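1. Provided below for reference: sequence and predicted model.
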Amino acid sequence: MENNAKETVLSIRDLSITFKTGAGPVNAIRGVNIDLPRGTTLAVVGESGSGKSVTFKAAMGILASNSVVNSGSIVYNYRHNDGTPATVDILKMKTRDIRRHINGKRIAMIFQDPMTSLDPTMPIGKQIMEGMVWHYKTPKQQAWDKAVRLLTEVGIEEPEKRMRQYPHQLSGGMRQRVVIAIALACDPDVLICDEPTTALDVTIQAKILELIKRIQAERGISVIYITHDLGVVAKVADFVNVMYAGRIVEAGTIDEIFYDPRHPYTWGLLSAMPDLDTEDDRLYTIPGSPPNLLHPVPGDAFAPRNAYALNIDERLDPPLFRISETHYAASWLLDERAPKVEMPPELKARIERMKKEGI
Ligand SMILES: Nc1ncnc2c1ncn2[C@@H]1O[C@H](COP(=O)(O)OP(=O)(O)OP(=O)(O)O)[C@@H](O)[C@H]1O
């Protein structure tokens, strides 16, 4: 979690966001810290409603109009065209400027349902060219040629023909490839993928994950995956941040999170994951549901669902305890005064198996 400006492309600090609703303010993001090391893939994982999407929508200047950013910074380290390094706090920028200079140009986002991010009335080629023309005033022929190259890069055959087609003429997997081509059009250095494969069947899902992985390696870009699916995380991530009720509760490298998880919520997620080979054999489902963030959360938000909760959890939210330079978890179980608690034996056995066979 240490912030090294030289190596970190995106650094979110103390982010707090509230939504104004008829029922009162919803405290959706409650002090989030996330670092994205340059050239790596970071997965942000957690149940629905934990705040994964909202966090990164803030970085894109696309928060809903009833949102209020109470505090925090989103520091983005980039390079000008001539290679000189620059730093900007995105949260200090006007929304208009984020859309002009950041969104779709330096940081691009892919959403889960390609049908909602593609315009059904516009040919595919034009949709890929749009960003280049808007951000860089790229001449039309040049933009066309680049769009054809991008379609080839994302694995679409007969790209010239596809350029003139409409989204409904393509399969779901192809449409997601087009969405990726659009995201790459301005050569971003950060790609945010929000559940990019949930709408796809398993075989196509695997192909899209492979594609994003190849693009990440070839272009050397930094990638953020937002997902509730640890199976996806296992396939793509270098680093993992586990999110619960608007906070990061555990952060570490892929090996630290899968082989040495420390937070009972991470234990729950890993136990609830279907076996990576057999696709079934869930050990456990986390009981209950996340708290309603309309109300203040006293103490640790996970305590009511946590079989290992301590008395202190009801009163005080745990800080992030440091396990290694890259591994942190917010659980009072890590306090030196806490009783020694081990993860459930079934999970331990599963982890031992994963260690032997690879994640
Ligand atoms: N415009 C809004 N008005 C009120 N509440 C909102 C708004 N947008 C998001 N929220 C709330 O913020 C919280 C975080 O939502 P977010 O979409 O980031 O969750 P998520 O972890 O990405 O979940 P999912 O996987 O379902 O997308 C949720 O409780 C959600 O209801």
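-> That came through, no problem. Numbering: from 1, shown residues only.
2. mind listing the strands for the stretch 101-250 of the chain?
-> Using DSSP state E, counting those that start in this stretch, the strands of the stretch 101-250 of the chain run over 107-110, 190-194, 222-227, 239-244, 247-253.
3. adding mean pLDDT, mean neighbour count and distance to Asn81, write these out as CSV.
-> Bear in mind the C-beta positions are built from the backbone N, C-alpha and C, glycine included. Listed next are the strands of the stretch 101-250 of the chain as CSV, based on pLDDT from 0 to 100; neighbours: other C-beta atoms under 10 Å; distance: least, C-beta to C-beta, whole Å:
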stretch, mean pLDDT, mean neighbour count, distance to Asn81
strand 107-110, 94, 25, 16
strand 190-194, 95, 24, 17
strand 222-227, 96, 24, 18
strand 239-244, 98, 25, 29
strand 247-253, 97, 24, 33
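4. now do stretch 159-171, average pLDDT.
-> Stretch 159-171 shows a mean pLDDT of 95.
5. spatially central residue for this structure, please.
-> Centrality entry for the chain: nearest residue to the mean C-alpha point is Ile226, 2.8 Å, by C-alpha atoms, centre = their mean.
6. list the buried residues of stretch 169-181.
-> Residues Leu170, Gly173, Met174, Arg175, Gln176, Arg177, Val178, Val179, Ile180, Ala181 are the ones in stretch 169-181 that count as buried (16 or more other C-beta atoms under 10 Å).
7. no, scratch that, I was asking about stretch 303-322
-> Buried residues in stretch 303-322, counted by 16+ other C-beta under 10 Å: 303-306, 308-310, 312-313, 317-318, 320-321.
8. looking at this protein, which helix or strand is least sure?
-> Counting by mean pLDDT, DSSP states H and E, the chain has its least confident helix or strand at helix 114-117, which shows a mean of 72.
9. residues of the chain that sit close to the ligand?
-> Counting by C-beta under 6 Å from any ligand atom, the residues of the chain close to the ligand are 19, 21, 26, 28, 46, 48-54, 64, 66, 228, 293.
10. any chance of the buried residues of stretch 303-322 in TSV with pLDDT and secondary structure as columns?
-> Shown next, in TSV, are those (pLDDT from 0 to 100; DSSP: H, G, I helix; E, B strand; the rest coil):
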residue	pLDDT	secondary structure
Ala303	92	helix
Pro304	91	helix
Arg305	92	helix
Asn306	90	coil
Tyr308	90	coil
Ala309	90	coil
Leu310	90	coil
Ile312	92	helix
Asp313	90	helix
Asp317	93	coil
Pro318	95	coil
Leu320	95	coil
Phe321	97	strand
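11. just curious, which of those residues is nearest to Ile107?
-> Nearest to Ile107 among those is Leu320, at 25.4 Å by C-beta to C-beta.
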